[in-house]
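Enquirer: just to be clear, the model below is a prediction. Sequence and coordinates:
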Amino acid sequence: MSATCCIDRAASRLSDEARDVAFGPAWPAIWATRNRIAHGYSTVDPQIVRATVENDLAEFVEALRRLATRTR
């Protein structure tokens, strides 16, 4: 869970423009998922979280890496 915390903290510090470049229209769903896990953990389906991590996290991290490379 701490790795997720660091990733979402980094993403939340991005400007609106940077988030648009990195994630486009997917950002609201990404942030809503984060909020659901962080604040509604007792109602979160662990299988959905696992599927999200296995299927979507790498793409999210890659978008952050591409953005970091662009801003150097």
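Expert: Received the coordinates, thanks.

Enquirer: which of the three states applies to E62?
Expert: helix (DSSP: H, G, I helix; E, B strand; the rest coil).

Enquirer: typed the wrong thing, it's L14
Expert: What three-state DSSP gives for L14 is coil.

Enquirer: what average pLDDT does stretch 37-54 get?
Expert: The average pLDDT within stretch 37-54 is 86.

Enquirer: straight-line length of that stretch, end to end?
Expert: The stretch stretch 37-54 measures 16 Å between its terminal residues, going by Cα to Cα, to the nearest Å.

Enquirer: from the chain's centroid, how far away is that stretch?
Expert: Relative to the centre of its chain, stretch 37-54 is centred 13 Å away, using Cα atoms, centre = their mean, to the nearest Å.

Enquirer: can you check stretch 38-57 too?
Expert: The answer for stretch 38-57 is 12 Å, by Cα atoms, centre = their mean.

Enquirer: what's it in contact with?
Expert: Residues from elsewhere that reach stretch 38-57 (Cβ atoms under 8 Å, 6 or more residues apart in numbering): 8, 33, 36-37. Where C-beta positions appear, they are placed from N, C-alpha and C, glycine not excepted.

Enquirer: and the furthest pair within those residues?
Expert: D8 and R36 (11.8 Å; Cβ to Cβ).

Enquirer: more neighbours, these two?
Expert: D8 (18 against 14; other Cβ atoms under 10 Å).

Enquirer: how about stretch 8-19: buried residues?
Expert: Under the neighbour-count criterion of 16 or more other Cβ atoms under 10 Å, stretch 8-19 has 8, 11, 14, 18-19 buried.

Enquirer: among the contacts of stretch 38-57, which lie within strands?
Expert: Counting by DSSP state E, no part of the contacts of stretch 38-57 is found in strands.

Enquirer: helices - which of the residues you listed land there?
Expert: Counting by DSSP state H, those place 8, 33, 36-37 in helices.
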